[in-house]
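# below are the sequence and a predicted model for it; my questions follow.
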Amino acid sequence: MGHDAFAHHGLGSAALMLISALHQRPDQTAVDLVGTASVSRATTYRTLKRLADHGLVHHTGETWALAPRALEGFGISLPDGDTGRAAEPARGWDTVAEQHGTRGIAAQRKALHAVERAAYREALDRLVGHRSKAVVIVRDGLQVLVPTPRPDEISPTWHAPDGRVLDPATGHAAADWRVATDGRLILITPSDQRSYDELAAAHAEALSEWESVA
């Protein structure tokens, strides 16, 4: 399946399914192959025609079979039963891929994925570079990872009993700062002192503005 001959614009994955089904059980009708290859009826007929053009399969009456070296990508030259035209036999999977214009597409896809992976790793490295380095301490012979404090984390000694923040320089509570329930530092502004009715009115106003823009 990884070969260029079975790319989307080449023989396609359906061709591989039909080849596998005929390899497992030769001399099947197109109706049989719909079930054994799990391919739709229209796709089965279309793909059989494509494989026959390369001499990879041939039919006797209504039954189909693989050419002697079809698994290697080599077809046989047999006259077409409907037109009397001799099908052009395949000369290997590389030739089939070249005829369909898909040769080298797998290498191009791998190169593209390699570039994308390199860009992704570079982005991750940039993110890591912005992170603070953790501190490693040894306790009881074990290394313990201690992450550096976040900017919004404060020392427990700064916590006032009423949830306010003590200014370490003066020892007095700061008017506009509070300690959240998760221990983070939060700033209280005048806009945060609104009542429930004021918040509900502001919410309704925001919804009205959003709907008018939409």
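Thanks, I have it.

# alpha carbons only for contacts and neighbour counts from here, please
Fine.

# where does this structure have its least confident helix or strand?
Across the helices and strands of the chain, mean confidence by mean pLDDT, DSSP states H and E is lowest for strand 185-187: a mean of 62.

# could you point out which element follows it?
The C-terminal neighbour of strand 185-187 among helices and strands, as given by DSSP states H and E, is helix 196-213.

# break down this structure into its strands, ranges please.
Using DSSP state E, the strands of the chain run over 28-29, 57-60, 63-66, 135-139, 142-146, 164-166, 173-179, 185-187.

# list the contacts for residue 23?
residue 66 (Cα atoms under 8 Å, 6 or more residues apart in numbering).

# for it, give its distance to residue 95.
21 Å (Cα to Cα, to the nearest Å).

# list the buried ones in stretch 163-175?
Judged by neighbour count (16 or more other Cα atoms under 10 Å), stretch 163-175 contains these buried residues: 164, 165, 166, 173.

# can you give me the mean pLDDT across it?
Mean per-residue pLDDT for stretch 163-175: 75.

# now that stretch - C-alpha only, PDB.
Backbone C-alpha positions of stretch 163-175 (Å, rounded to 0.1, in the frame of the first residue of the first chain) are rendered in PDB as follows:
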ATOM      1  CA  GLY A 163      -8.400  36.800  52.700                       C
ATOM      2  CA  ARG A 164      -6.600  40.100  52.100                       C
ATOM      3  CA  VAL A 165      -2.900  40.300  51.200                       C
ATOM      4  CA  LEU A 166      -0.400  41.700  53.600                       C
ATOM      5  CA  ASP A 167       2.200  44.100  52.200                       C
ATOM      6  CA  PRO A 168       5.600  42.600  53.200                       C
ATOM      7  CA  ALA A 169       7.100  46.000  53.300                       C
ATOM      8  CA  THR A 170       4.600  47.600  55.700                       C
ATOM      9  CA  GLY A 171       2.800  44.600  57.200                       C
ATOM     10  CA  HIS A 172      -0.600  46.200  56.400                       C
ATOM     11  CA  ALA A 173      -3.300  44.700  54.200                       C
ATOM     12  CA  ALA A 174      -3.300  45.900  50.600                       C
ATOM     13  CA  ALA A 175      -6.700  47.400  49.700                       C
END
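
# centre of the chain to that stretch, how far?
Mean-position distance between stretch 163-175 and its chain equals 50 Å (Cα atoms, centre = their mean, to the nearest Å).
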